[in-house]
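> Just need the structure, nothing else, for what follows:
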Amino acid sequence: MLHQTKLLNRMRWIFVFMAVIVRGGEVPSQSPIDAASNQGAAGIRTVEFPDGSLSTDYLPAETLRVFAKTLDEAIRQWRVALPAPAVVSDDFRIDGYIMRDESVFRAEALIDDRVPNFPYGYALADRFWLRAQPDENYTRHLMLHEAFHSFVWHHFTSVGPHWIAEGMAEMYATHQVIEDEIRVGIVPSARDGFEQWGRFRKLQEMRRDDEVPTLSTLFSLRPNLKGDIATYSASWLAVRLLRSRQSTRELMDQWIESGFGGLSADQVVEDLGDQWPVVNALWKLAILEADFGETITIKPPKLVLDLPPWDGSPTRHKVAANQSWYVVPFLFEPGAELTVYARGEAILANDPRPWMSQPPGITIRYHQGKPLGQLLAAWVPIDETDSERSSGLLSVPVIQSVGQKKRLDAPEGLSWLLLRINDAAGELGDNQGSYEVVLR
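As a prediction, this is how the structure comes out:
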């Protein structure tokens, strides 16, 4: 009976989405979003939409309607992306306030007395408040971020541990408008339209300064009201990673459906079980590739634990130019010695003519300090290192130049060996060709 009830609720949840979704084009003229916005005596303009309202003291009426359309569509996509709640609520309504002059809203008693001082945005039950940002796109991102907190709280009675709360809000607020179609939960492929967003920039700074937390550390972070961009950025990447794999996505759905049930860092690791070493290794790769167009959290490399040990026999491998990291299908014991030989050609660009590269790379252009097209290698340990356990900070894998020939020595601890052809994450799609690699 419980299973049948849950199934019916899920069907209702999906039906609500299918009944009201707006895809592409202009909002139909009968939509409440198209109704003229109302401006009160205090100079606060309000627009209604099916699931609530938005009010502002500075956005023009047409811009406010665009914001309302974005939030309206995002809510429908959230209903599909998240598991169905145990009890489907028909009374969800959200009211948001986008403020340039906070005193105007306080004078109208539109800010709850329980709302503390905040740098960017704050959600409380079914309401949220935002401070105006210099970038309109980022203001819209913050609107979806805070609205998502309210959405999850209303339907699941909890937003979860700090890293999940902020990471999921970041993931489902990151959006793009393409030909009037709004898409949430995307990985930005280019900086255009995301100038103030800054999540990849912050992750790169953390990587450079050796300030990236281990997942164990991230899972233990406590909430704060400082608008900590580093925590938001790391949490976003971690949640994206977990939701990129079916097994961990299903596990997260179980946490969400249960209202998170006091989920602790230790419980997260315990629930991940045998997946923990793989997730931990993918976290390191995601940090290595954190840039516009990254693919680790979209199509993660297939790291598995039941690979055979490398016995020193020569093996051949194909490393494609249009893919991220290639996983050598062996596990390597500490101190294992091998030599990598590489040959072949790859095309890395076609403008103004094909850019042909061989394993040493193209020295007229560099990516992350190494020639474009150069064959690279990285060791990724299966277990956390002693340094990671003591410091709580990630030991980011060192990327080594291989070129045509390179001797590699396996680090301490059982490890995977990964290879790739050097190029920016967002520019792999049109690459062609591959390198033939021999390990001996």
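> so Ser103 is in which element?
helix 102-107 (DSSP states H and E).
> Next: Tyr435.
Counting by DSSP H and E, Tyr435 is part of strand 432-439.
> Quick one: end-to-end distance for stretch 378-390.
In stretch 378-390, first residue to last residue: 23 Å (C-alpha to C-alpha, to the nearest Å).
> now do stretch 53-62
Span of stretch 53-62 from end to end, C-alpha to C-alpha: 14 Å.
> how far does it sit from the chain's center?
29 Å (C-alpha atoms, centre = their mean, to the nearest Å).
> Would you mind identifying the helix or strand in the chain with the lowest mean pLDDT?
helix 2-20 (a mean of 35; mean pLDDT, DSSP states H and E).
> I'd say Val319 and Val437 touch.
Yes: Val319 is in contact with Val437 according to C-beta atoms under 8 Å; the separation is 5.6 Å. (C-beta placed from N, C-alpha, C; glycine too.)
> Now do the shared contacts for these two.
342, 375, 419 (C-beta atoms under 8 Å, 6 or more residues apart in numbering).
> so who does the last one touch?
So the one you mean is Leu419. So Leu419 contacts 317, 319, 325-326, 328, 340, 375-377, 402, 437 (C-beta under 8 Å, 6+ apart).
> Narrow the residues you listed to just the buried residues.
Taking 16 or more other C-beta atoms under 10 Å as the criterion, what is buried in the contacts of Leu419 is 317, 319, 325-326, 328, 340, 375-377, 402, 437.
> Secondary structure element for Phe292, which one?
Per DSSP H and E, there is no helix or strand for Phe292.
> Quick check, it in contact with Gly193.
No: between Phe292 and Gly193 there is no contact under C-beta under 8 Å: 10.8 Å.
> Surely Trp416 is in contact with Ile382?
Yes: contact criterion C-beta under 8 Å: Trp416 and Ile382 qualify, at 7.1 Å.
> higher neighbour count, those two?
Trp416 (27 against 17; other C-beta atoms under 10 Å).
> If we ignore the residues flanking it in sequence, what's nearest the more buried one?
Val380 (4.7 Å; C-beta to C-beta, 6 or more residues apart in numbering).
> same question, Ala234
Nearest one to Ala234, counting by C-beta to C-beta, 6+ apart, is Leu218 at 5.6 Å.
> can you pull out the helices in the stretch 101-250 of the chain?
Along the stretch 101-250 of the chain, counting by DSSP state H, counting those that start in this stretch, helices occupy 102-107, 136-156, 162-173, 199-208, 215-219, 229-242, 246-257.
> what about Gln404, distance to Glu345?
Using C-beta to C-beta, to the nearest Å, we find Gln404 at a distance of 12 Å from Glu345.
> what is in contact with these two at once?
Common neighbours of Gln404 and Glu345 (C-beta under 8 Å, 6+ apart) are Gln358.
> returning to that earlier point: contacting residues around the residue nearest to Trp416?
Applying C-beta under 8 Å, 6+ apart to Val380 gives the contacts 281, 284-285, 303, 397, 415-418.
> Downstream of the helix or strand containing it, the next helix or strand is which one?
Val380 belongs to strand 375-381 when assigned by DSSP H and E. Next helix or strand after strand 375-381 toward the C-terminus (DSSP H and E): helix 386-391.
> what helices or strands is the next helix-or-strand element following that next one leaning on?
Per DSSP H and E, the first helix or strand lying C-terminal to helix 386-391 is strand 400-401. Under the contact criterion of 3 or more C-beta pairs under 8 Å, 6 or more residues apart in numbering; DSSP states H and E, strand 400-401 touches strand 375-381.
> Distance from the chain centre to the strand it packs on, please.
23 Å.
> Just checking: what are the partner strands of it?
strand 400-401 (antiparallel), strand 415-421 (antiparallel) (DSSP bridges).
> Just want the angle from that strand to strand 432-439.
60 degrees (axes from the mean of the first three to the mean of the last three C-alpha atoms, to 10 degrees).
> re earlier: give the intersection of the neighbour lists for Trp416 and Ile382.
281, 331.
> what helices or strands is the strand ranked longest in the chain leaning on?
Longest strand of the chain, by residue count under DSSP state E: strand 337-347. Judged by 3+ C-beta pairs under 8 Å, 6+ apart, the packing partners of strand 337-347 are strand 356-357, strand 375-381, strand 405-409, strand 432-439.
> One more pass at 6 Å, please.
strand 405-409, strand 432-439 (3 or more C-beta pairs under 6 Å, 6 or more residues apart in numbering; DSSP states H and E).
> and it, how far out from the chain's middle?
On C-alpha atoms, centre = their mean, the centre of strand 337-347 falls 32 Å from the chain's centre.
> List the buried residues of it.
Buried residues in strand 337-347 (16+ other C-beta under 10 Å): 338, 340-342, 344, 346-347.
> Please report the distance of the closest residue to Ser324 other than its chain neighbours from Pro371.
Leaving aside its sequence neighbours, Ser324 sits nearest to Thr295 (C-beta to C-beta, 6+ apart; 5.0 Å). Per C-beta to C-beta, Thr295 is found 21 Å from Pro371.
> Can you pull the poorly scored residue ranges out of this structure?
1-41, 86-90, 227 (pLDDT under 70).
> Kindly recompute the last result at 50.
1-31, 34-36 (pLDDT under 50).
> check which helix or strand covers His317.
Going by DSSP H and E, His317 is part of strand 315-320.
> Okay, now the sheet partners of that strand, with direction.
Sheet partners by DSSP bridges: for strand 315-320, these are strand 432-439 (antiparallel).
> now the partner strand and strand 405-409, what's the angle there?
Using the same axes, to 10 degrees: strand 432-439 against strand 405-409 is 60 degrees.
> what inclination does strand 432-439 have with respect to strand 337-347?
Using the same axes, to 10 degrees: strand 432-439 against strand 337-347 is 170 degrees.
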